[in-house]
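> give the three-dimensional model of this entry:
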Amino acid sequence: MSSIRLAALLSALALPAAADLAQERGITEGLINVGIAYEISEVCPDIGPRRIRGLRYLLALRGAAAEMGYSAAEIDAFIDDDAEKDRLEAIARDRLARMGAPRGDVAAHCAVGRREVAGDTQVGRLLAPR
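Next comes the predicted model:
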């Protein structure tokens, strides 16, 4: 194997696994849904989180990543990546605004939350109207 190929291979192996996991749509979409549900439950006083269901969902996402071949260390690196957390949080807030709940609008967050619960969406399944 030429030294150029070896260097390229070593460089590829040195890339952070978090970058690869960040490209897994099923994982990132799941985390975005959790972020949307969390934001609704934080802003709307009439809707709380389904904590156990949320935890089970997060563990299922972790399991799905493991089934895709990611190691525990790679998954942990992804979970601990602050830049990735910020990116996904921004996407969740943007989607929430496009769903009709701009940041800080309590009534809109409640309306979107009730709509998600009524529609039995993944976001709605993570919420508990009070």
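
> helices along the protein, start to end?
3-14, 17-21, 25-43, 51-67, 72-79, 82-98, 106-118, 122-125 (DSSP state H).

> gap between the fourth one and the chain center?
Relative to the mean C-alpha coordinate of its chain, helix 51-67 is positioned 11 Å out (C-alpha atoms, centre = their mean, to the nearest Å).

> that one to helix 72-79, inter-axis angle?
Helix 51-67 and helix 72-79 are oriented at 130 degrees to each other (axes from the mean of the first three to the mean of the last three C-alpha atoms, to 10 degrees).

> what angle do helix 51-67 and helix 25-43 make?
Computed by the same axes, to 10 degrees, the angle between helix 51-67 and helix 25-43 is 160 degrees.

> let me have the helices of the chain in TSV, extended by mean neighbour count and mean pLDDT.
For glycine as for every other residue, the C-beta is placed from the backbone atoms N, C-alpha and C. Putting the helices of the chain into TSV (neighbours: other C-beta atoms under 10 Å; pLDDT from 0 to 100) gives the following:
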stretch	mean neighbour count	mean pLDDT
helix 3-14	9	44
helix 17-21	16	70
helix 25-43	19	97
helix 51-67	14	96
helix 72-79	16	93
helix 82-98	15	96
helix 106-118	18	98
helix 122-125	20	98
